[in-house]
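1. sequence? don't have it. structure:
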């Protein structure tokens, strides 16, 4: 896989790279990303209704569809990788599995075997195409609320928010469910998933990266257990079926929402070598009520977190996640994303210079 050139924005001696997530792989989008000084691209799958932001493609052009009965071929993945590399960037992974691919496994439904076959095919194809990371979560998008009423930030920018009090009845069954599920059932189904996919990932040379449940509120919501809501459950996930090809899509914002000390979380999982890549965002407040904000505001201090990454020897990518919507933004929120990439690059370079 082609590595970014020396003017990519990666500080000399630093192991922290700044990347982006994007649905579009159009030339204009990739050119813009390169101009920002980002180095790595994670592709958002085509099931955009599952994501908190609207990833409609202003720039037109190429996308990479990933969903139930739509697994990209090796040829399609190679084409996408070469397209990204031609822009001076690296196609580092697929941001996340869509819920349509893992929902039947999560709930232990009849379609679980078919879903597992499709996911393992995807992993093999990624390995053969030289795309090293597949993010995933265990959180049914669109089934239970992820956010409630947005909030106004500085300069009338808009940020997403969650307030448990806005839910009419958190115990009411989510649409499509005929009963509540237990944590034991979900852990059993999750273990089956790991036992099936991790040997394939090891053979293919692909790392799987687990994202926290968002919001990490309550043990169950809508009759659905919220397994990955705390640090202890993440350690259990990593230990359930031990593998060097399994780790975390460590979302700083989610751990901040939990009320955790994110620097301590980074050290804890850094010592275990469990961090695959990082979602770099923050919130104001903690569950049951919080809102997302700009990267230079929030519960933690950005520079201290980057210093911690430097201390633990993190060798990987940080990517902006749910950026606010600024005046004049398109659906990808290009202005807010550009501000966040630039801010993170500046902090990474400053921390490297302290060394």
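-> Received it, and whenever you're ready, just let me know what you need. What you are looking at is a predicted structure, and each value in this text was computed from that prediction instead of being measured.

2. For the stretch 151-300 of the chain, give me the ranges with low pLDDT.
-> Along the stretch 151-300 of the chain, segments meeting pLDDT under 70 are nowhere present.

3. Helices of that one, residue ranges please.
-> Using DSSP state H, counting those that start in this stretch, the helices of the stretch 151-300 of the chain run over 183-204, 231-240, 252-257, 262-271.

4. Of those helices, which stretch is the most buried?
-> helix 252-257 (a mean of 26; mean count of other Cβ atoms under 10 Å). Just so you know, the C-beta spots here come from the backbone N, C-alpha and C atoms, and that holds for glycine as well.

5. what's next to that helix, contact-wise?
-> For helix 252-257, contacts defined as Cβ atoms under 8 Å, 6 or more residues apart in numbering pick out 162, 211-216, 231, 262, 265, 278-283, 285-287, 290, 292, 298-300, 305, 321-322.

6. re earlier: wait, which of the helices of the stretch 151-300 of the chain is closest to residue 22?
-> helix 252-257 (18.6 Å; Cβ to Cβ).

7. from the middle of its chain, how far away would the closest one be?
-> Distance, stretch centre to chain centre, for helix 252-257: 12 Å (Cα atoms, centre = their mean, to the nearest Å).

8. and if you look at stretch 329-340?
-> 17 Å.

9. before we move on, what about stretch 253-264?
-> 15 Å.

10. one step back: with distance to residue 350 as extra columns, can I get the helices of the stretch 151-300 of the chain in TSV?
-> Converted to TSV, the helices of the stretch 151-300 of the chain look like this (distance: least, Cβ to Cβ, whole Å):
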stretch	distance to residue 350
helix 183-204	36
helix 231-240	29
helix 252-257	18
helix 262-271	17
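
11. Would you tell me which of the ones you listed gets closest to residue 150?
-> helix 252-257 (15.4 Å).

12. Any idea which of the helices of the stretch 151-300 of the chain gets closest to residue 154?
-> Proximity to residue 154, assessed across the helices of the stretch 151-300 of the chain by Cβ to Cβ, is greatest for helix 252-257 (17.9 Å).

13. And the helix or strand encompassing residue 34, what's buried?
-> Assigning secondary structure by DSSP states H and E places residue 34 in helix 27-36. For helix 27-36, a neighbour-count test (16 or more other Cβ atoms under 10 Å) marks 29, 30, 32, 33, 34, 36 as buried.

14. What residues of stretch 201-214 count as buried?
-> In stretch 201-214, counting by 16+ other Cβ under 10 Å, buried: 201, 202, 204, 206, 207, 208, 209, 210, 211, 212, 213, 214.

15. Kindly apply the preceding question to stretch 67-81 instead.
-> 67, 68, 71, 72, 76, 77, 78, 79, 80, 81.

16. now it: mean pLDDT?
-> In this model, stretch 67-81 has an average pLDDT of 95.

17. can you give me how far it is from the chain middle?
-> 19 Å.

18. next one: stretch 83-96
-> In terms of Cα atoms, centre = their mean, the centre of stretch 83-96 is set 15 Å apart from its chain centre.

19. rewinding a little: which one among the buried residues of helix 27-36 gets closest to residue 104?
-> Taking the buried residues of helix 27-36 together and measuring to residue 104 by Cβ to Cβ, the closest member is residue 29, at 32.6 Å.

20. That closest one touches residue 21, doesn't it?
-> No: counting by Cβ atoms under 8 Å, residue 21 is not a contact partner of residue 29; they are 11.5 Å apart.

21. For residue 261, grab phi and psi.
-> Dihedral pair for residue 261: phi -80, psi 110, per degrees, to the nearest 10.

22. Not counting stretch 279-291 itself, show me its contacts.
-> Outside stretch 279-291, the residues within contact range by Cβ under 8 Å, 6+ apart are 150-151, 159-165, 211, 215-217, 249-254, 256-259, 292-293, 295, 297-300, 302, 305, 318-323, 340, 344.
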